[in-house]
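Enquirer: Sharing a model that was predicted from the sequence below.
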Amino acid sequence: MFISSVPLHNPITTCTIFNCQNPNQHHSILRKHNSKSTAYLLQHLALKDGVPIPTSIPKPSELLDPMPHDEKVKVLELSLVRKRTPQFPGSIYAQSPSDSDVGSSLPPIRTLFQSGANPDDKDEKEAEEEEMIMRALEIRRKVTEEVFKEAMRKGKFGITYSTNLIGRLSGFLDHVMIEAANLKRLPGFSNSTFNLRAKTVIDDSKVVPLIRWLKHNALSYPRIAKIILMSRGKPEAIRSFVMWLKSVRVKGEFLGVVMLKAGENILQRRHEELDEIVQYLESNGVRRDWMGYVISRCPQLLSYSLEEVKTRAHFFIDMGLNEKDFGTMVFDFPRVLGYYSLEEMNEKVNYLKEFGLQIEDVGKLLAFRPQLMACSIEEHWKPLVKYLYYYGITRNGMKRMLVIKPMVFCADLEKTIVPKVQFFEDIGVRNDGIGSMLVKFPPLLTYSLDKKIKPVVIFLMTKAGVSEKDIGKVVALGPELLGCNIVHKLYVNVKYFLSLGIRLRQLGEMITDFPLLLRYNPDVLRPKYIYLRKSMVRPLKDVIEFPRFFSYSLEGRIIPRHKVLVENHINMKLRYMLANSDEEFHKMVKDLIGKRRRFESAVTNEGTTHLQSVVTEDISTPLA
């Protein structure tokens, strides 16, 4: 009687087949799966019959013929993959982890990675075991990823969206793997598959509905992934925190930004602590309906404790800011309260005080323009101060610029200020004139060069009669013109002066002499011109020679002084009539009256004629 065997897939390992009647007759066939049992049977029969075995019994490590590494990995993946491909009937491997013989049909994973090297080499063995563990974890992570994708598919998410999102959730996948492994300890899951346990963990966390809700609130998938990782395995904390943000009026488009920038531990903080911060800010002038805007622009506020927020608030309150100023400052630039360190803010305050400002002045300055705190001393302020000093602007001049237009110290030197100054030089403004005009009108540096300054200069030269050689003088003397609207201000005034009969060239000369002429409202100019022509009976030539006439008050200076001249029968040019103080004007009138009386005291006709000509000459010319 013969015991036969069925040859297996691997033809390398041999197995002995023998005759029960004659044990010495045997031959080998290709066989592997019961090589251990065959060796044991040969040894048992030899001891029973007392016949020695000519061949030595192989060691277990010699019986286990090493497999190629690629085949080992393939078998390992087969043991962990979620879905099996159909096999032909009679396959020696189980087709699903749920089969009853899955443990016996698949080769032990540990034996797959044993090599034929020296078994005493512990380091190499440990390295192989580590490689085995890492490879097993990687395969298990892929299985978890497939389970997650299946849950996303049931949640009506597209394949591309799910793939992109899950690709950023490696940390959450590890959490699912750990929780799924822990579930195996529970009686209800002791015999369940890993796939079922992973699906249970994902469903219990309700992460898929949370993803749908966050997406509905306009969060992109990269932000959703970061927020889920921040939850540290507790996605329910995300929904709770989002509801709190909505209670303080944070808009949906900023929810993700706030959660990502409010600190890594923001989802673990109690809402009571956050409410205390909001209530404190509200008690110091930050209105409730502003709170969402403030938190959206400066989420770092939520990462501080209440004591830290109080310290930062008192940094500004101690400068003299009241509740109204503090609240409007925080609303205007929320980062001023929570973004910069206290050391950095102290350095900037001390630097501003070097311009001659008191601490209260700095407080008012920051309340009006808190963006100053965003400027760097080394990169913004020091280069700007050096540049302005080159054009003759002293510390007092810089102080005036800082107080009138603090935004100048927030502007970029190379991109904003230098091109404008270069343009002024190109149109003929001298260096000392540039310094004077900047101190006189600091907002000039905040205007757009291409949209504001250049169009005004072109208008003055083409429509207002200013010559090319005089345009630099006009800009230097009247930089305020560069801030006027062309259509609603400059063009209207030019049209009015031309309607009076003034020629374009004469108007250009008037503007050169008095550039601010174009800044007055025609409704203010019209009564003065009517009084000049009808009451004073002066020719148009007088106003062309002295365009500053329109700058004086009609009721406060022009009419009173004209009455003095009429009462005393004196006539003089507009320049001497208006361009002096009241004391100087009355002294001038008194001197002219005295001269006239001396001339009138003459008795001879010849002398009288001579004296009258002298009086007329003295009255019409400036006095020494």
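Expert: Nice, thanks for sending it over. Residues are numbered from 1 along each chain as shown.
Enquirer: Leaving out chain neighbours, which residue sits closest to Leu574?
Expert: Of all residues not flanking Leu574 in the chain, Phe546 sits nearest, at 4.4 Å (Cβ to Cβ, 6 or more residues apart in numbering). In this view, the C-beta of every residue, glycine as well, is placed from N, C-alpha and C.
Enquirer: what residues are up against the one you found?
Expert: Taking Cβ atoms under 8 Å, 6 or more residues apart in numbering, we find Phe546 in contact with Lys573, Leu574, Arg575, Leu578.
Enquirer: cool, and Asp289?
Expert: Arg249.
Enquirer: tell me the phi and psi of Glu354?
Expert: Taking degrees, to the nearest 10, you get phi -70, psi -20 for the backbone angles of Glu354.
Enquirer: residues near it, how many?
Expert: When counting by other Cβ atoms under 10 Å, one arrives at 12 neighbours for Glu354.
Enquirer: Show the contacting residues for it.
Expert: No contacts exist for Glu354 under Cβ under 8 Å, 6+ apart.
Enquirer: likewise Arg232?
Expert: Residues in contact with Arg232 (Cβ under 8 Å, 6+ apart) are His175, Leu267, Gln268.
Enquirer: pLDDT score for it?
Expert: The confidence metric pLDDT takes the value 77 at Arg232.
Enquirer: for it, helix, strand, or coil?
Expert: coil (DSSP: H, G, I helix; E, B strand; the rest coil).
Enquirer: Also Arg153?
Expert: Of the three states, Arg153 takes helix under three-state DSSP.
Enquirer: Look at it and report its pLDDT.
Expert: 88.
Enquirer: That one against Thr163, yeah?
Expert: No. Applying Cβ atoms under 8 Å, one finds Arg153 not in contact with Thr163, separated by 10.9 Å.
Enquirer: Give me the below-cutoff pLDDT ranges for the stretch 501-624 of the chain.
Expert: The stretch 501-624 of the chain contains residues with pLDDT under 70 at 602-624.
Enquirer: which residues in this protein form strands?
Expert: 14-18, 26-30 (DSSP state E).
Enquirer: And the contacts of stretch 403-410?
Expert: 357, 361, 365, 368-369, 371-372, 374-375, 380-381, 384, 401-402, 417, 442-443, 445-446.
Enquirer: Can you tell me how far Ala464 is from Gly483?
Expert: 16 Å (Cβ to Cβ, to the nearest Å).
Enquirer: I'd say Arg335 and Cys298 touch.
Expert: Yes. Using Cβ under 8 Å, Arg335 is in contact with Cys298, at 4.9 Å.
Enquirer: between the two, who's got more neighbours?
Expert: More crowded of Arg335 and Cys298, by other Cβ under 10 Å: Cys298, with 20 against 17.
Enquirer: for the nearest residue to the more buried one once chain neighbours are set aside, what are its contacts?
Expert: Nearest residue to Cys298, sequence neighbours excluded (Cβ to Cβ, 6+ apart): Pro334, at 3.8 Å. Residues near Pro334 by Cβ under 8 Å, 6+ apart: Tyr293, Val294, Ile295, Arg297, Cys298, Leu301.
Enquirer: is it possible to export those to a markdown table including distance to Asn217?
Expert: Output for those, formatted as a markdown table (distance: Cβ to Cβ, whole Å):
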| residue | distance to Asn217 |
| --- | --- |
| Tyr293 | 17 |
| Val294 | 20 |
| Ile295 | 15 |
| Arg297 | 18 |
| Cys298 | 20 |
| Leu301 | 21 |
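Enquirer: low-scoring stretches of the chain, by residue?
Expert: For the chain (pLDDT under 70), the answer is 1-123, 602-624.
Enquirer: Out of the contacts of stretch 403-410, which end up buried?
Expert: Among those, those classed as buried by 16 or more other Cβ atoms under 10 Å are 357, 361, 365, 368-369, 371-372, 375, 380-381, 384, 401-402, 417, 442-443, 445-446.
Enquirer: These in helices, which ones?
Expert: Asp361, Leu365, Phe368, Leu384, Met401, Leu402 (DSSP state H).
Enquirer: wait, which of these is closest to Arg597?
Expert: Nearest to Arg597, judged by Cβ to Cβ, of these is Met401 at 53.8 Å.
Enquirer: Looks like that closest one contacts Leu438 (just checking).
Expert: Yes. Using Cβ under 8 Å, Met401 makes contact with Leu438 at a distance of 6.8 Å.
Enquirer: what residue is smack in the middle of this structure?
Expert: In the chain, the C-alpha nearest the mean C-alpha coordinate belongs to Arg297, at 8.7 Å (Cα atoms, centre = their mean).
Enquirer: Next one: that residue from Arg335, what distance?
Expert: Distance from Arg297 to Arg335, by Cβ to Cβ: 6 Å.
Enquirer: tell me, what's touching these two both at once?
Expert: What both Arg297 and Arg335 touch, as defined by Cβ under 8 Å, 6+ apart, is an empty set.
Enquirer: In stretch 448-462, which residues are buried?
Expert: For stretch 448-462, by 16+ other Cβ under 10 Å, it's Lys452, Ile453, Val456, Val457, Phe459, Leu460, Met461.
Enquirer: Please narrow these to those residing in helices.
Expert: Val456, Val457, Phe459, Leu460, Met461.
Enquirer: so who does the first one touch?
Expert: So that's Val456. So Val456 contacts Leu481, Leu482, Cys484, Ile486, Leu490 (Cβ under 8 Å, 6+ apart).
Enquirer: And for the fourth one?
Expert: Contact partners of Leu460, counting by Cβ under 8 Å, 6+ apart, are Val466, Ile471, Val474, Leu481, Leu490, Ile511.
Enquirer: number of nearby residues for the fourth one?
Expert: What that stands for is Leu481. 24.
Enquirer: Surely it is in contact with Val475?
Expert: Yes. Using Cβ under 8 Å, Leu481 makes contact with Val475 at a distance of 7.4 Å.
Enquirer: what residues do the two have in common as contacts?
Expert: Joint contacts of Leu481 and Val475 (Cβ under 8 Å, 6+ apart) are Pro515.
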